[in-house]
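K.L.:
What would the 3D arrangement of this be:
(chains A, B, C and D)
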Protein chains: 2
Amino acid sequence: MSSIRELARRCGVSVATVSRVFNTPEVVSQLTRQHVLAMAAEIGYLPNESARTLATKKSNMVGLVWDTDHRRPGWRHPFLQDILVALKSALSAQGLHLLMLAPDQSAGLDSRQRFLRAVQRHSVDGVVIIDNGSRDPAVLALGDAAVPCVALDLRITGPTCTSITSDNVGGARLATQHLIERGHHRIATITGPARNWPAAERLAGFRSALDEAGIALDEADVVAGDFYLDSGFAAMNRLLARDPRPTAVFAAGDEMAIGALRALHAAGLRAPDDVALVGFDDIEIAALIPPGLTTITQDKTGIGTAAAEAIMSMLSGDAPTPGPTTLPTTLVVRGTT
Amino acid sequence: MSSIRELARRCGVSVATVSRVFNTPEVVSQLTRQHVLAMAAEIGYLPNESARTLATKKSNMVGLVWDTDHRRPGWRHPFLQDILVALKSALSAQGLHLLMLAPDQSAGLDSRQRFLRAVQRHSVDGVVIIDNGSRDPAVLALGDAAVPCVALDLRITGPTCTSITSDNVGGARLATQHLIERGHHRIATITGPARNWPAAERLAGFRSALDEAGIALDEADVVAGDFYLDSGFAAMNRLLARDPRPTAVFAAGDEMAIGALRALHAAGLRAPDDVALVGFDDIEIAALIPPGLTTITQDKTGIGTAAAEAIMSMLSGDAPTPGPTTLPTTLVVRGTT
DNA sequence: CTGAAAGCGCTTACAG
DNA sequence: CTGAAAGCGCTTACAG
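P.N.:
Below is the predicted model:
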């Protein structure tokens, strides 16, 4: 609460000097430095961040654009919490705060402007964007903000923008190849929403692995889900209704895989004997649900850390990585294959 | 980027007038208001929040104190994400941003000061504290900040502080009574860490329900876990080693309950026939893991919303609710009982 | 090594 | 309904 002026007065120095002991201590004499520091501790002086931001144009805050409001009810990022922990930890280690922005509420804005304006008003040093799972890429307008910007699982363009995502193509290929190695040659897939970037990549990886193995794909074996459990259930039911039915299924997300597993059980079938199943994500449940879901692991902590590093690298003047940064995925074999 | 001065100049009015059209529009003539607004849109003027905060001492930011760094590795709040979504949504609806604070990095601070200082420097309008699961209540110093403050699952004192938690006593009683109604009279419990507030309450609820039913409790049937899966596994093994063994177990957290279930299976036993089991939390897995975990539901969204409401109510001048605000818990019966 | 002064971009009594 | 002016709490050339 006590201001720099008060502290300066008590120390008999100018506010400039006080400012220097907090910002460029090496430039002030040891004696005055110690005096100022001691007095600061005594009266509980703490520099006001708003004033600093106003004066320096640097806020030490990274904006987080995460649209919790326009979501379909029930939407839930499968492992956002893990990403957030890693992101916040890495940022915190550098003294950067993470500002979860509320969309600007001015009347007459389309949703894609609301976050952009919130970003601009707050002098954040950078922004990280998390896929909101909505069909409306409200958020892409942020490419226009002249601020370092990293998007997770979302394509974004702009001179200060970059993206981070898992190796979805590679992961899907691993999953598919694993099924092939298990001897399957009639392999179906349950996909995510067509316009979702990771979903598209996983489908592409699936196709390419099949192709490479010379296995033909019946398009009726490609059934669309929406990443939610229920859609996996429904999709598996459609697959089971086929005659003959596929002997293996690659579900492009663990939640859907678990829905698919339920459909199997409901039909009196079991994995892997009747149908082999592999998922994608490696969420906590995957290891816990019997017989254990074979799946592709995303490096959740790595994603959060990479996002922080991308921001910080741009903050220190580097150009953004041109293409998306892709994190390795790995196969973890459990009971369903 | 264009400042209020620039906009004023272009409109031929004073900066005071421009400020008024954004803050108290009803006080300026319709004509100038429209003119200013139009010009603002044209040149892309947006008020600078740091400057506003500096001038008004109100930041429209709520600080979030969530210590991701001092956690034991692997610690993971079982449903923080759900709380966060609700909290952020409710805050956003009122135009409040959520600032995830990095602890102050000044040398020579003990950890309990770091967050307090971060709070003080940022002129946040309020702060919400999330239990960091650490034994060191680093965070309790925040009771000293002269700022509205709500803590989740954590006791905090101070003239501007209040707490929010689930009805842990009531929930534990429900769980225990349910077991009693199922005919059990030898009921054990797996507890959380003794100094954890919800853990203590759940144990108290468990005891009181037993008491009320005139059922004696062998203290060897109270075994301590730490809320993690592995501790549930270990605890159940200890319980199974008893002779005779308990016929029912109340685990004070779902993760531990799932660990307990695994221990059961590993011993070739099943729930509910050999041992009945009820958990606490109702995390996603509870419904998914066969045979379905009977548990106590916490209102995760309600907790986040209540936190936002408590803050906002204090922001509008109300005194903090004196005691902790307690959210109802409910029993959901599934396959393990 | 230190100080005086201007400036960062806003808000808000105070007059009119 | 509007403007001139002081003030919010800092930083940073510029001099010395």
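
K.L.:
Contact partners for the closest residue to chain B within the stretch 101-250 of chain A?
P.N.:
Residue nearest to chain B within the stretch 101-250 of chain A: A:A102 (3.7 Å; Cβ to the nearest Cβ). Placement of C-beta: from N, CA and C, glycine included. Taking Cβ atoms under 8 Å, 6 or more residues apart in numbering or on different chains as the definition of contact, the neighbours of A:A102 are A:118, B:88, B:91-93, B:95-98.

K.L.:
I'd like to know which of the residues you listed are part of helices.
P.N.:
For the contacts of A:A102, the ones inside helices are A:118, B:88, B:91-93, with DSSP state H as the criterion.

K.L.:
What ranges does chain A have for its helices?
P.N.:
Using DSSP H, the helices assigned to chain A run over residues A:4-11, A:15-23, A:30-43, A:49-56, A:80-93, A:111-121, A:168-181, A:197-212, A:229-240, A:254-266, A:284-288, A:300-315.

K.L.:
So the shortest one, near chain B or not?
P.N.:
Right, helix A:284-288. Yes: part of helix A:284-288 sits close enough to chain B to count as contact by Cβ under 8 Å from any Cβ of the partner chain, namely A:284-285, A:288.

K.L.:
try the first one
P.N.:
No: Helix A:4-11 lies out of reach of chain B by Cβ under 8 Å from any Cβ, never closer than 12.5 Å.

K.L.:
residues in contact with that helix?
P.N.:
Helix A:4-11 is contacted by residues A:14-15, A:17-19, A:32, A:35-36, A:39-40, A:43, A:45, A:47 when judged by Cβ under 8 Å, 6+ apart.

K.L.:
6 Å - rerun?
P.N.:
Counting by Cβ atoms under 6 Å, 6 or more residues apart in numbering or on different chains, helix A:4-11 makes contact with A:14-15, A:18, A:35-36, A:39-40, A:45, all of which sit outside it.

K.L.:
picking up where we left off before, quick check, nearest of the residues of helix A:284-288 next to chain B to DNA strand D?
P.N.:
A:E284 (43.6 Å; Cβ to the nearest atom of the strand).

K.L.:
Quick one: buried ones out of the contacts of A:A102?
P.N.:
Applying 16 or more other Cβ atoms under 10 Å in any protein chain shown to the contacts of A:A102, the neighbour count classes A:118, B:88, B:91-92, B:96-98 as buried.

K.L.:
Contact residues of the stretch 51-200 of chain A facing DNA strand C?
P.N.:
Residues of the stretch 51-200 of chain A that fall close to DNA strand C, judged by Cβ under 7 Å from any atom of the strand: A:51, A:54-55.

K.L.:
Now the buried members of these.
P.N.:
In terms of neighbour count (16+ other Cβ under 10 Å), the buried residues within those are A:51, A:54.

K.L.:
Tell me where the stretch 51-200 of chain A is predicted with low confidence.
P.N.:
Within the stretch 51-200 of chain A, the stretches falling below the threshold (pLDDT under 70) are A:70-75, A:132-145.

K.L.:
redo that, cut-off 50
P.N.:
Counting by pLDDT under 50, the stretch 51-200 of chain A shows low-confidence ranges at A:134-139.

K.L.:
before we move on, back to that, could you dump the helices of chain A into CSV and include distance to DNA strand D?
P.N.:
Shown next, in CSV, are these (distance: least, Cβ to the nearest atom of the strand, whole Å):
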stretch, distance to DNA strand D
helix A:4-11, 3
helix A:15-23, 3
helix A:30-43, 10
helix A:49-56, 3
helix A:80-93, 20
helix A:111-121, 16
helix A:168-181, 42
helix A:197-212, 39
helix A:229-240, 51
helix A:254-266, 47
helix A:284-288, 44
helix A:300-315, 15
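
K.L.:
okay, the residue lying farthest from the centre of chain A: pLDDT?
P.N.:
Computed with Cα atoms, centre = their mean, the residue of chain A farthest from its C-alpha average is A:G12, at 50.5 Å. As predicted, A:G12 sits at a pLDDT of 93.

K.L.:
for A:G225, same thing?
P.N.:
For A:G225, the pLDDT comes out at 96.

K.L.:
Surely A:A271 and A:L277 touch.
P.N.:
Yes: taking Cβ atoms under 6 Å as the contact criterion, A:A271 and A:L277 are neighbours in contact, 4.7 Å apart.

K.L.:
Which one's more surrounded, those two?
P.N.:
Each of A:A271 and A:L277 had its neighbours counted (other Cβ atoms under 10 Å in any protein chain shown), and the higher figure belongs to A:L277 (27 against 24).

K.L.:
Can you tell me the closest non-neighbouring residue to the more buried one?
P.N.:
Leaving aside its sequence neighbours, A:L277 sits nearest to A:T336 (Cβ to Cβ, 6 or more residues apart in numbering or on different chains; 4.2 Å).

K.L.:
So what's the residue count around that neighbour?
P.N.:
Using other Cβ under 10 Å, A:T336 is surrounded by 27 other residues.

K.L.:
and the most centrally placed residue in chain A, how far is that from DNA strand D?
P.N.:
Nearest to the mean C-alpha position of chain A, by Cα atoms, centre = their mean, lies A:L152 at 4.2 Å. Summarising the geometry, the distance separating A:L152 from DNA strand D, computed by Cβ to the nearest atom of the strand, to the nearest Å, is 31 Å.

K.L.:
so who does that residue touch?
P.N.:
Under the contact definition (Cβ under 6 Å, 6+ apart), the residues listed for A:L152 are A:130, A:164.

K.L.:
what sits opposite it in the beta ladder?
P.N.:
Partner residues in beta bridges with A:L152, using DSSP bridges, are A:I130, A:I164.

K.L.:
Alright, I will stop here.
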